[in-house]
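Undergrad: Below is the sequence, then the predicted model.
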Amino acid sequence: MLTVNKLLPAARGLAPALIQRAATVSLDWDTRSKSRFDAHDSAGRHLAVFLPRGTVLRGGDVLVAEDGSMIRVDAAPQPVLQVRACPAHGTATDLPRAAYHLGNRHVQLEVQADCLQFEPDPVLAEMLQRLHLIVTEAQAPFEPEAGAYGEGGGHGHQGHGHDHRHGHEPAPAHDDQHGQGHDGSHGH
């Protein structure tokens, strides 16, 4: 068993040729959100991963084993629900509205330009369909947002070392009263 206890977020500082030659490990979101787990890499090695508590792995990160070898992390395809605006009846605010409702329920959410993606939940799927959104099941890599405060290691556009406040005032307190005013008769 090979012990892994070092992480290079987004393979920072590594030459592309080194990243290409590295073994890979394909992990779903549940595993990538744990700091301790076992896995097998593409070279067939049994890995025992021990990272600092709270560490979250992202596709493109590189793990470094105790022998100095590198293992590139791939986000494995997994069951997800994909949410898109209805091309016939949708508006520009449909996906942001869906993201608001999902975020209000603290759902791990991946935000793309034309799609929202989250782990399967039939109750949430039904709610989104009532909001005139198209919800489909898929097998896809899942990379949810880190959140406004980022993750301990900082990935993607969160946590990269500079202040994004730009003088904005704090947001007002959230009132949890939401009216739905929709009869639900429209189906997708």
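TA: Great, that's in hand.

Undergrad: What count of nearby residues applies to residue 37?
TA: 17 (other Cβ atoms under 10 Å). Backbone N, C-alpha and C define where each C-beta goes, glycine included.

Undergrad: the bottom helix or strand of this structure by mean pLDDT?
TA: helix 16-21 (a mean of 92; mean pLDDT, DSSP states H and E).

Undergrad: quick one, longest helix in this structure?
TA: The single longest helix within the chain, with elements called by DSSP state H, is helix 94-104.

Undergrad: Can you name the element that comes right after that one?
TA: As assigned by DSSP states H and E, the chain's next helix or strand after helix 94-104 is strand 110-111.

Undergrad: which helices and strands sit right next to that following strand?
TA: When contacts are defined as 3 or more Cβ pairs under 8 Å, 6 or more residues apart in numbering; DSSP states H and E, strand 110-111 sits against strand 116-118.

Undergrad: distance between the strand it packs on and the chain's centre?
TA: Centre-to-centre, strand 116-118 and its host chain are 9 Å apart (Cα atoms, centre = their mean, to the nearest Å).

Undergrad: and what of stretch 98-115?
TA: 11 Å.

Undergrad: and it, average pLDDT?
TA: Stretch 98-115 shows a mean pLDDT of 95.

Undergrad: one step back: quick one: list the elements packing against the longest helix of the chain.
TA: Looks like helix 94-104 contacts strand 78-85, strand 116-118, helix 122-130, strand 133-140 (3+ Cβ pairs under 8 Å, 6+ apart).

Undergrad: let's see 6 Å
TA: With contacts taken as 3 or more Cβ pairs under 6 Å, 6 or more residues apart in numbering; DSSP states H and E, helix 94-104 sits against strand 78-85.

Undergrad: Which neighbours in the sheet does the strand it packs on have, and how are they oriented?
TA: Using DSSP bridges, strand 78-85 pairs in its sheet with strand 116-118 (antiparallel), strand 133-140 (antiparallel).

Undergrad: Name the spans of the protein whose pLDDT lies under the cut-off.
TA: For the chain, the stretches flagged by pLDDT under 70 are 148-188.

Undergrad: Cheers, nothing more for now.
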